[in-house]
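A.B. asks: Let's see this in three dimensions:
(one chain, ligands or ions: 1)
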Amino acid sequence: MNKKVVIIGGGVAGLSAGIYGQKNGYDTEVVEMHTVPGGQCTAWERKGYRFDYCLHWLVGTARGPFHDIWRETDVITDSVKIIDHDVHTKIFDEEGNSFILYTNIDRWERYLIEIAPEDTATIKKMCADMRKGALLELFSDPPELRSVLDYIRAICKMPRAIMLMMRYGNKSCRDYFQKLNFKNKRLSFFFDNLYGERDFSALAFLMMLGWFYHKNAGYLVGGSLPMVERMTEKYTSLGGKLTLGKKVKNIIVEDDTATAVALADGTVSKADYVISAADGHSTLYTMLGGNYLSGQIEEAYGTWPLFTPIVQVSFGIDMEIKTEYPVQTHLAKGRKIGGTPLDMGYTIMNYCFDPTMAPAGKTVMVVRYESPWELWKDLEGEAYETEKKQIEKDSVAIMEKHLPGITAHIDAIDIATPKTDVRYTGVWKGAYEGFMPTSKNITKSIKMTLPGLKNFYMCGQWLFPGGGLPPAAQSGKWAIQLILKQDKRG
Ligand SMILES: Cc1cc2nc3c(=O)[nH]c(=O)nc-3n(C[C@H](O)[C@H](O)[C@H](O)COP(=O)(O)OP(=O)(O)OC[C@H]3O[C@@H](n4cnc5c(N)ncnc54)[C@H](O)[C@@H]3O)c2cc1C
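C.D. replies: Below is the predicted model of the structure:
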C-alpha cells in the first residue's frame, strides 16, 4: 500500500507537492478551503473579461531549476506562449517627467547614460552588478539534501555572483542607491523613489534585473488561471485527490507525530505525512496551536516586515486601447485613493498584450496600489462598502486623468481589497507575497520541518523572504524530496 500524504492548501505550493507526491508513488490528497485551486495565483471572470490577480513575471521561463519544475508540472508546455516585455515599467512623477526601467540591461545602460552622461561610470558599475546578478544560479535541492561539495561547486561555478551576494546581501536598495550617489537629479530622484523609505533588499533588486536580462522571467499568455488549471489537470491526471471547499481546522498530533488533519466540517483525514502549503502564520499558530515554534520562526513572524497588501481595481473597457508599455507607475506620495494615503503611488496596467484577457475589440486595465492592513482589519459592513465606492470613484478619476473620455467606455469594474485576499486564501494580514525581502533576511529561509514534530513538513511562500510562485512551487517539490529521504527512498 502507498503511504498517504495530506497536503493543506491548493495554491501553487500545494499543487506542486501533490504532483511530485503522485509522481513518487504516494497517495496524496490536497485539501483546499476555497472552491477553486490556485490560492493567490488566480483570476476571475466578469462580463466576458478576465481579471488576473497574480502573474506578471515568472522566474524560470527559459532555464534553470525553476524552469525544470514549470515543465514537470505543466505550467510551461510547448503550446504555452511566453512574452518577454522590453520595458518592465515606465515611471512618472507628478509633473509628468518619466523614467523607463528596461528589462535589457544593455539597453537600459545606454538610456541612463543618455539622460546622465555625467554619471557614466556609476551607471556602468550598477549595470555590471546587475549582469553579475544574472549569473546567480539557484540550487535545485533543499538545503537538507545538499553536500559541502554542492556549495564548493557553486562557488567555483559563479564566483562573481557569490561576491555580489556577499557584498550586497546585507544592503537595502536605499543604501545601494545612496552609495552610488548619482549626480544627475532626475536619476537620483527616480532611484530614491523606486522603493521609497522601505528596507527592500538590494540583492533582490539586482537579481530581478538579471533574470529579465536573460529573458528568464517572462509572462505566460493566459495568465494565472490557465496556469493553475494546467497544474490542477496534471495533478488529477496523476491520480491525486483534490478536495475543494473544505477548511482544515487543525493538524492532529499524537506523540509529537502529525497523524491527520481535522476539517472544519468535523471530518478527519488520516495521513502518514502532513504537508502544510497553507498560510504560514495560521499553520503554525492556529492549526498547530503554537506548539512547535523555533527561535527562527518566532523571530521571522515577530520582526520581519511583511509585503504591504494591495487594492486592485480591474476595468473591462468596451474598446481597444493600446498603450506603449504594459505597466505605468505614477508617483503620487501622500495623495489618497479611498481612505489610503499613498506611500509611493499607483500603477496602471494594460493587458492589451494578452488577447485572451478580453473579448475582441475590448481591453482589460488595472489600477493597483498598496494599502496597509491596519486600514482594513476592522472595516466591516457598511463602512467597507462605502470605502469600496470611494475607491471606485477615485480610480475612475485616475483612469479619466490618464485617458480622457474613457469613463464612457467602462463596461465592468471589480474591486479586490486586502480583505478579499484574506477571505479567499487566509493569507496573513493580506501580505500577498509573505515576508518582504530586506537587507536582514534576504539570505535566510525558514526550515521546512518544525522542532520536535515528526512526519510534518511546511512549504509555500512563507518560507522564503520575497515569496513568489517559483519558491512556492520549488518548496512543494522539496517537501516530497524530504519525505522520500525519510522513507529512505531518496
Ligand atoms: C497581486 C499579486 C501579484 C503577484 N505577482 C506575482 C508575479 O508576477 N510573479 C510571482 O512569482 N509571484 C507573484 N505573486 C505572488 C504569488 O502569487 C504567491 O507568492 C504564490 O501564489 C504563493 O503560493 P502559495 O501556494 O505558497 O500560497 P497561497 O497562494 O497563499 O496558497 C495557500 C492556499 O492554502 C489555502 N488554505 C489556507 N488555509 C487553509 C486551510 N485552513 N484549509 C485549507 N486550505 C487552506 C488557501 O485557500 C490557498 O489556496 C503575486 C501575488 C499577488 C497577490
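A.B. asks: Contact partners for the nearest residue to Gln390 once chain neighbours are set aside?
C.D. replies: Leaving aside its chain neighbours, Gln390 sits nearest to Gly338 (4.5 Å; criterion: C-beta to C-beta, 6 or more residues apart in numbering). Backbone N, C-alpha and C define where each C-beta goes, glycine included. By C-beta atoms under 8 Å, 6 or more residues apart in numbering, the contact set of Gly338 is Val311, Ser371, Glu387, Lys388, Gln390, Ile391, Asp394.
A.B. asks: of the residues you listed, closest to Thr347?
C.D. replies: Using C-beta to C-beta, Val311 comes nearest to Thr347 of those, at 11.3 Å.
A.B. asks: Look up the closest residue to the closest one, ignoring the ones flanking it.
C.D. replies: Ser371 (4.9 Å).
A.B. asks: Let me see the domain layout of the protein.
C.D. replies: As assigned by automatic domain parsing, the chain contains the domains 4-55+223-305+433-486, 103-219, 310-425.
A.B. asks: what about the last one, start to end distance?
C.D. replies: Between the opening and closing residues of domain 310-425 we find a distance of 14 Å, counting by C-alpha to C-alpha, to the nearest Å.
A.B. asks: How about the residues of this protein by the ligand?
C.D. replies: Counting by C-beta under 6 Å from any ligand atom, the chain comes close to the ligand at 8-14, 31-34, 39-41, 53-58, 247-248, 277-279, 282, 310, 425-427, 432-433, 460-461, 467-470, 472.
A.B. asks: Just the CA trace of stretch 87-104, in PDB.
C.D. replies: Output in PDB follows, covering the C-alpha atoms of stretch 87-104 (Å, rounded to 0.1, in the frame of the first residue of the first chain):
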ATOM      1  CA  VAL A  87      10.100  47.500 -20.600                       C
ATOM      2  CA  HIS A  88       9.400  46.500 -17.000                       C
ATOM      3  CA  THR A  89       7.700  49.700 -16.100                       C
ATOM      4  CA  LYS A  90       7.600  53.400 -17.100                       C
ATOM      5  CA  ILE A  91       7.600  55.600 -14.000                       C
ATOM      6  CA  PHE A  92       6.100  59.200 -13.900                       C
ATOM      7  CA  ASP A  93       6.500  61.800 -11.300                       C
ATOM      8  CA  GLU A  94       3.600  64.300 -10.600                       C
ATOM      9  CA  GLU A  95       4.900  66.800 -13.100                       C
ATOM     10  CA  GLY A  96       4.800  64.200 -15.900                       C
ATOM     11  CA  ASN A  97       8.600  63.600 -16.100                       C
ATOM     12  CA  SER A  98       9.200  60.000 -16.900                       C
ATOM     13  CA  PHE A  99      11.800  57.300 -16.300                       C
ATOM     14  CA  ILE A 100      11.900  53.900 -18.000                       C
ATOM     15  CA  LEU A 101      13.000  50.600 -16.500                       C
ATOM     16  CA  TYR A 102      14.100  48.400 -19.400                       C
ATOM     17  CA  THR A 103      14.400  44.700 -19.000                       C
ATOM     18  CA  ASN A 104      17.500  44.600 -21.200                       C
END
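A.B. asks: So what's the residue count around Ile100?
C.D. replies: Here the number of neighbours of Ile100 (other C-beta atoms under 10 Å) works out to 18.
A.B. asks: what's the helix or strand for it?
C.D. replies: strand 98-102 (DSSP states H and E).
A.B. asks: Who are the packing partners of the longest helix seen in the chain?
C.D. replies: Identified as the longest helix of the chain according to DSSP state H is helix 381-402. Helix 381-402 is packed against strand 310-317, strand 327-331, strand 336-337, strand 345-350, strand 363-370, strand 410-416, with contacts defined by 3 or more C-beta pairs under 8 Å, 6 or more residues apart in numbering; DSSP states H and E.
A.B. asks: try it again with 6 Å
C.D. replies: Helices and strands touching helix 381-402, by 3 or more C-beta pairs under 6 Å, 6 or more residues apart in numbering; DSSP states H and E, are strand 410-416.
A.B. asks: strands paired with the strand it packs on, and their directions?
C.D. replies: Neighbouring strands of strand 410-416 in its sheet, by DSSP bridges, are strand 310-317 (antiparallel).
A.B. asks: sorry, back to before: are any of the residues of the chain next to the ligand buried, and which?
C.D. replies: 8-14, 31-34, 39-41, 53-58, 248, 277-279, 282, 310, 425-427, 432-433, 460-461, 467-470, 472 (16 or more other C-beta atoms under 10 Å).
A.B. asks: Show me the residues you listed that map onto strands.
C.D. replies: Among those, the members falling in strands (DSSP state E) are Ile8, Val31, Glu32, Leu58, Val248, Ile310.
A.B. asks: Low-confidence regions, the chain specifically.
C.D. replies: Nowhere does the chain drop to pLDDT under 70.
A.B. asks: thinking again about what came up before, for the residue nearest to Gln390, what are phi and psi?
C.D. replies: phi 50, psi -140 (degrees, to the nearest 10).
A.B. asks: residues in contact with Asp13?
C.D. replies: To be clear, residue 13 is Ala; Asp isn't right here. Shown in contact with Ala13 (C-beta atoms under 6 Å, 6 or more residues apart in numbering): Ala277, Cys459, Gly460, Ala472, Ser475, Gly476.
A.B. asks: go with 7 Å
C.D. replies: Ala277, Cys459, Gly460, Gln461, Ala472, Ala473, Ser475, Gly476 (C-beta atoms under 7 Å, 6 or more residues apart in numbering).
A.B. asks: for Val6, same thing?
C.D. replies: Glu29, Val31, Val261, Ser269, Ala271, Val274.
A.B. asks: Closest one of those to Ala332?
C.D. replies: Out of those, the member with the shortest distance to Ala332 (by C-beta to C-beta) is Val31, at 42.3 Å.
A.B. asks: quick one: the closest one from Thr363, how far?
C.D. replies: For Val31, the distance to Thr363 (C-beta to C-beta, to the nearest Å) stands at 38 Å.
A.B. asks: Looking at the ones in strands among the buried ones among the residues of the chain next to the ligand, which is nearest the ligand?
C.D. replies: Each of those was checked against the ligand using C-beta to the nearest ligand atom; the closest is Val248, at 3.7 Å.
A.B. asks: That closest one touches Glu32, doesn't it?
C.D. replies: No - contact criterion C-beta atoms under 7 Å: Val248 and Glu32 do not qualify, at 9.4 Å.
A.B. asks: Mind listing the shared neighbours of those two?
C.D. replies: With C-beta under 7 Å, 6+ apart, Val248 and Glu32 have no common neighbours.
A.B. asks: before we move on, the earlier item: with secondary structure as added columns, please give the contacts of Val6 in a markdown table.
C.D. replies: Converted to a markdown table, the contacts of Val6 look like this (DSSP: H, G, I helix; E, B strand; the rest coil):
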| residue | secondary structure |
| --- | --- |
| Glu29 | strand |
| Val31 | strand |
| Val261 | strand |
| Ser269 | strand |
| Ala271 | coil |
| Val274 | strand |
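A.B. asks: Counting neighbours, which of the residues you listed comes out on top?
C.D. replies: That'd be Val274 among the contacts of Val6, by other C-beta under 10 Å, with 29 neighbours.
A.B. asks: gap between the nearest residue to that one once chain neighbours are set aside and the ligand?
C.D. replies: Nearest non-adjacent residue to Val274, counting by C-beta to C-beta, 6+ apart: Ala258, 4.1 Å away. Remark: distance between Ala258 and the ligand (C-beta to the nearest ligand atom, to the nearest Å) = 14 Å.
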